[in-house]
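Chemist: Curious how this folds, go ahead:
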Amino acid sequence: MDFHQRLRRGVIATAMLFTGLLAACGGNDDAKPASVRFLNAVTDVGALSMYTGDDRRATSVPADSVSGYSALNAGSYDFRFKRSGSDSSLYTSSGSLGDDTNNTVVAWGRESNIRMTIIEDDDDNVPAAGLAKLRVLNGAVDAGAIDVYVAQAGADLNVASPSSSSVGVGALSGFTEQNAGSLQVRITSVGNRDEVRLEIPDLVVQERQVVTLVLQSTAGGTLVHAIALVQGGNATARKNSQSRVRLVSSVANNGVVAARVGSTVLSSAAVSPSIGSYFLVPSGNRVLLAQVAGNTVFSETLSFVAGQDYTVLVHGSATAAFAERFSDDNRSAPSSRAKLRLVHGAQGHDSLTMTVDSAAVASDLAYGSASSFVGVASNNGNALIEVTSPLLSTPLYTTSRSNSSTTGVSLEGTGVYTVFLLGGGSSPRGFLRRDR
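Modeler: This is a model prediction of the structure:
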């Protein structure tokens, strides 16, 4: 029995003694207390305290950490979560604790979208000697449903079947039982083993342990972090070590662009105008190299943050090309909203404005830059997007369809979109891409 299990049972024994004393004074001698602890899996608020009503149960628990256990009567409670040192609640949710149970209350998500899950320990189904059990709580609010692959270290996950499929946000997967030791875990998008959201090559589990891998959102919204929570034991952060980067080429006269980040090739010959796919890149300080027609136009060491998405825009002429890097906020929008921005790579146009149904989304955007994301109402097939230049009387890009009964395009709720204006001269090309 490890230290945490001894501590947990000590807390329960003390609570049962206290309950017995209450019973001697007229309390309910059948009551059996519950024990509860708090895992802070919220990604962007720092330390949190947990309350039931006005009673503090866990104090200033750092991000990615779990508190010790406390005992309280079984029943229903309003769980309140407060930033350390604050009197106001960030989030409140109700939940129940059963008689004689051990529970971990998990707060997860991000400040604008905190949620709660109560995980009750399953002491009756502990793995046999030599084995361990693993499951996933999908607390990555921006990642959507995921597939989970689990195997012994060294096994080929590229030919493996998912251990759990289509695990939705807020859902707990079923358990997979594995030999104790070092495991590798891969989280992917549903049905696409090549779109990796998180790779853990060395998750060590002890025999008879029950482990829940709590997924977390990242700054970019697509990749995920994780916390390995041992039933009755500790919590260990398993952060993603990757970023995602894509190349957008917009060099005049169909200029050919090559780019890489460190040793990761984004493209060896992208013909402008084009929008590439995201590639996984090790995070940290990496050299971004961009070339046009074999000539280096940019070579600089930049910092790539783990979990962040980036777009590299190479634009200009073959003899005077430039490279820009933008951070991509691919975190999902609310269900009734979409997020939209403009990337301006259209040579010869100093500033551009973009509207959605006549409302400005980006104004006077300079050449070679990207606007901030702006929330717009979701629209099923009738969103009219226009990009205009103050020098021209007609839009450079529009989604209007003169030969259709609809007047625009769909901007779906929770979707994240980018409009790219690429090329140059009198007829640059516009592209609407859904990034999430």
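
Chemist: Beta-bridge partners for the residue minimising distance to the centre of the chain, please?
Modeler: The geometric centre of the chain, computed from its C-alpha atoms, lies nearest to S217 (Cα atoms, centre = their mean), at 2.6 Å. Residues in a beta bridge with S217, per DSSP bridges, are V224.

Chemist: If I look at it, what pLDDT would I see?
Modeler: Looking at S217, its pLDDT is 96.

Chemist: who are the neighbours in contact with it?
Modeler: Applying Cβ atoms under 8 Å, 6 or more residues apart in numbering, we find S217 in contact with 43, 109-110, 139-143, 224-225, 331. No exception for glycine: its C-beta is placed from N, CA and C like everyone else's.

Chemist: between the residues you listed, which is nearest D202?
Modeler: D202 has its nearest neighbour among the contacts of S217 in H225, at 15.8 Å by Cβ to Cβ.

Chemist: Surely V210 touches L131?
Modeler: No. Counting by Cβ atoms under 8 Å, V210 does not reach L131; the two are 10.4 Å apart.

Chemist: Between the two, point out the one with more neighbours.
Modeler: V210 (22 against 15; other Cβ atoms under 10 Å).

Chemist: which residues does the more buried one contact?
Modeler: 121-122, 126-127, 132-133, 175, 230-231.

Chemist: Local confidence estimate at it?
Modeler: Confidence score, pLDDT, at V210: 97.

Chemist: Can you list phi and psi of it for me?
Modeler: phi -120, psi 120 (degrees, to the nearest 10).

Chemist: quick check: mean pLDDT across the longest strand along the chain?
Modeler: Longest strand in the chain, counting residues (DSSP state E): strand 192-205. If you average the pLDDT over strand 192-205, you get 96.

Chemist: How far off centre is the helix or strand in which A107 is found?
Modeler: According to DSSP states H and E, A107 maps onto strand 102-110. From the chain centre to the centre of strand 102-110 is a distance of 17 Å (Cα atoms, centre = their mean, to the nearest Å).

Chemist: same check, this time on stretch 91-98
Modeler: The answer for stretch 91-98 is 24 Å, by Cα atoms, centre = their mean.

Chemist: next one: stretch 99-111
Modeler: 20 Å.

Chemist: Report the buried residues of that stretch.
Modeler: Neighbour counts over stretch 99-111 (16 or more other Cβ atoms under 10 Å) mark 101-110 as buried.

Chemist: For the residues you listed, give me a markdown table that also has distance to A360 and pLDDT.
Modeler: Formatted as a markdown table, these follow (distance: Cβ to Cβ, whole Å; pLDDT from 0 to 100):
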| residue | distance to A360 | pLDDT |
| --- | --- | --- |
| T101 | 54 | 95 |
| N102 | 54 | 96 |
| N103 | 49 | 97 |
| T104 | 47 | 98 |
| V105 | 44 | 98 |
| V106 | 41 | 98 |
| A107 | 37 | 98 |
| W108 | 35 | 98 |
| G109 | 31 | 96 |
| R110 | 27 | 93 |
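
Chemist: what number of residues lie near the closest residue to T92 other than its chain neighbours?
Modeler: Nearest non-adjacent residue to T92, counting by Cβ to Cβ, 6 or more residues apart in numbering: R80, 4.9 Å away. For R80, the neighbour count with other Cβ under 10 Å is 20.

Chemist: ditto for the one 5 residues further on
Modeler: Other residues within reach of G85, judged by other Cβ under 10 Å, total 9.

Chemist: Might you report the residue contacts of it?
Modeler: So G85 contacts S60 (Cβ under 8 Å, 6+ apart).

Chemist: Please, where are all the helices along the stretch 1-150 of the chain?
Modeler: 3-24 (DSSP state H, counting those that start in this stretch).

Chemist: and stretch 381-391, which residues are buried?
Modeler: Buried, per 16+ other Cβ under 10 Å, within stretch 381-391: 383-389.

Chemist: Kindly state the distance between the middle of that stretch and the middle of its chain.
Modeler: 31 Å.

Chemist: Endpoints of it, how far apart?
Modeler: Distance across stretch 381-391, first residue to last, is 29 Å (Cα to Cα, to the nearest Å).

Chemist: got the contact list for it?
Modeler: Contacts of stretch 381-391 (Cβ under 8 Å, 6+ apart): 340, 342, 349, 351-358, 376, 395-400, 406-411, 419, 421, 430, 432.

Chemist: Restrict these to the buried ones and give me that as a ChimeraX selection.
Modeler: A single ChimeraX command selects the buried members of the contacts of stretch 381-391 (16+ other Cβ under 10 Å):
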select :340,342,349,351,352,353,354,355,356,357,376,395,396,397,398,399,408,409,411,419,421,430
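
Chemist: From the contacts of stretch 381-391, which land in helices?
Modeler: Among those, none falls in helices (DSSP state H).

Chemist: follow-up on the earlier one: the residue nearest to T92 bridge partners, please.
Modeler: Beta-bridge partners, per DSSP bridges, of R80: Y51, T92.

Chemist: isn't it right up against L48?
Modeler: No. When contacts are counted by Cβ under 8 Å, R80 is not listed as touching L48 (10.1 Å).

Chemist: Identify the residues contacting E207.
Modeler: E207 touches 127, 129-132, 180, counting by Cβ under 8 Å, 6+ apart.

Chemist: Could you identify which of the residues you listed has the most neighbours?
Modeler: Within the contacts of E207, neighbour counts (other Cβ under 10 Å) peak at A132, which reaches 25 neighbours.

Chemist: per-residue pLDDT, N382?
Modeler: On pLDDT, N382 comes in at 84.

Chemist: what's the closest non-adjacent residue to it?
Modeler: Per Cβ to Cβ, 6+ apart, closest to N382 is G408, 5.0 Å.

Chemist: show me the contacts for that neighbour.
Modeler: Counted by Cβ under 8 Å, 6+ apart, G408 has contacts 357, 379, 381-385, 399-401.

Chemist: what do you get for L352?
Modeler: Applying Cβ under 8 Å, 6+ apart, the residues contacting L352 are 342, 344, 346, 362, 364-365, 387-389, 396, 421.

Chemist: of those, closest to S84?
Modeler: A362 (37.6 Å).

Chemist: Now for the closest one, how many residues are close by?
Modeler: The number of residues near A362, taken as other Cβ under 10 Å, comes to 24.

Chemist: was I right about it contacting V343?
Modeler: No. Contact criterion Cβ under 8 Å: A362 and V343 do not qualify, at 9.5 Å.

Chemist: what touches both of the two?
Modeler: With Cβ under 8 Å, 6+ apart as the test, A362 and V343 both reach S371.
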